[in-house]
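Trainee: have a look at this fold, sequence not included:
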């Protein structure tokens, strides 16, 4: 059994085999990491800003994962860190485009 949570905070327990079914309906695994990221401190925000000063190609695996968690970017199912970086790059480009609207 695993715990899943949706955006409204509803927590459910489901068999691990049903994970994909619920993830396609807006649920994601509930974890201590998610709770910590949701309550990001000013220090964590500073770390994210410093990270954004570096080119994505220079980010380390743990930085990619931390950034994805902090910004709620779904990188599950990526087969390499470069795939995850590509998803983050698309996210950042869409954020920039929204700033111009």
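Mentor: Yes, it's here. Just so we're clear, the structure is a prediction, and the values are computed from it rather than from any experiment.
Trainee: contact partners of the lengthiest helix in the chain?
Mentor: Longest helix in the chain, counting residues (DSSP state H): helix 81-100. Applying Cβ atoms under 8 Å, 6 or more residues apart in numbering, the contact partners of helix 81-100 are 52, 56-57, 59, 61, 64-65, 67-68, 71, 73-75, 78. In this view, the C-beta of every residue, glycine as well, is placed from N, C-alpha and C.
Trainee: tell me which residues of it are tucked away?
Mentor: Of all the residues in helix 81-100, those buried under the rule 16 or more other Cβ atoms under 10 Å are 84-85, 87-88, 91.
Trainee: residue 25: neighbour count?
Mentor: 9 (other Cβ atoms under 10 Å).
Trainee: show me the contacts for the closest residue to it other than its chain neighbours.
Mentor: The shortest distance from residue 25 to any non-neighbouring residue, by Cβ to Cβ, 6 or more residues apart in numbering, is to residue 6 (7.9 Å). Contacts for residue 6 (Cβ under 8 Å, 6+ apart) come out as 25-28.
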